[in-house]
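Trainee: Got a sequence here, can you model it:
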Amino acid sequence: MLLYLGDYERSKYYGERSFTEAVAVEDPIWQLNAKVLVAHSQTKLRQYREAEKSFEEALTLAKDQSKQIKIKWNLIDSFQKLFKSL
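Mentor: Residues are numbered from 1 along each chain as shown. Below is the predicted model of the structure:
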């Protein structure tokens, strides 16, 4: 909300705090959301190099989540096949 209200410094600050808390509770979705908020805030603040780094970190988080989802689906598929064969 702060981002859309034009309060980019506070938006960045709370995004960074949110990321720290998301890491502490091991919540990858909120880690990604917080990192994107930081990156958007940095862009609005014309901190382009920092924003690029934050967007790259968000992309890495997204790729990691994608891999985890694929692993979970493969496990579910394996269990389904196993149960059908019983």
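Trainee: what's the closest non-adjacent residue to Trp30?
Mentor: The spatially closest residue to Trp30, leaving aside those adjacent along the chain, is Ala22, at 3.8 Å (Cβ to Cβ, 6 or more residues apart in numbering). In this view, the C-beta of every residue, glycine as well, is placed from N, C-alpha and C.
Trainee: and that neighbour, what helix or strand is that in?
Mentor: Per DSSP states H and E: Ala22 is located in helix 8-24.
Trainee: Let me know the next secondary structure element after that helix.
Mentor: Trace forward from helix 8-24 with DSSP H and E and the next one is helix 28-44.
Trainee: Now do the helix holding Ala22: which elements does it pack against?
Mentor: For helix 8-24, the packing partners by 3 or more Cβ pairs under 8 Å, 6 or more residues apart in numbering; DSSP states H and E come out as helix 2-5, helix 28-44.
Trainee: So what's the gap between that helix and the chain middle?
Mentor: Distance, stretch centre to chain centre, for helix 8-24: 12 Å (Cα atoms, centre = their mean, to the nearest Å).
Trainee: between it and helix 28-44, how many degrees?
Mentor: Relative orientation of helix 8-24 versus helix 28-44 (axes from the mean of the first three to the mean of the last three Cα atoms, to 10 degrees): 160 degrees.
Trainee: Show me the contact partners of helix 8-24.
Mentor: Under the criterion Cβ atoms under 8 Å, 6 or more residues apart in numbering, residues 2-3, 28, 30-31, 33-35, 37-38, 40-42, 44-45 lie in contact with helix 8-24.
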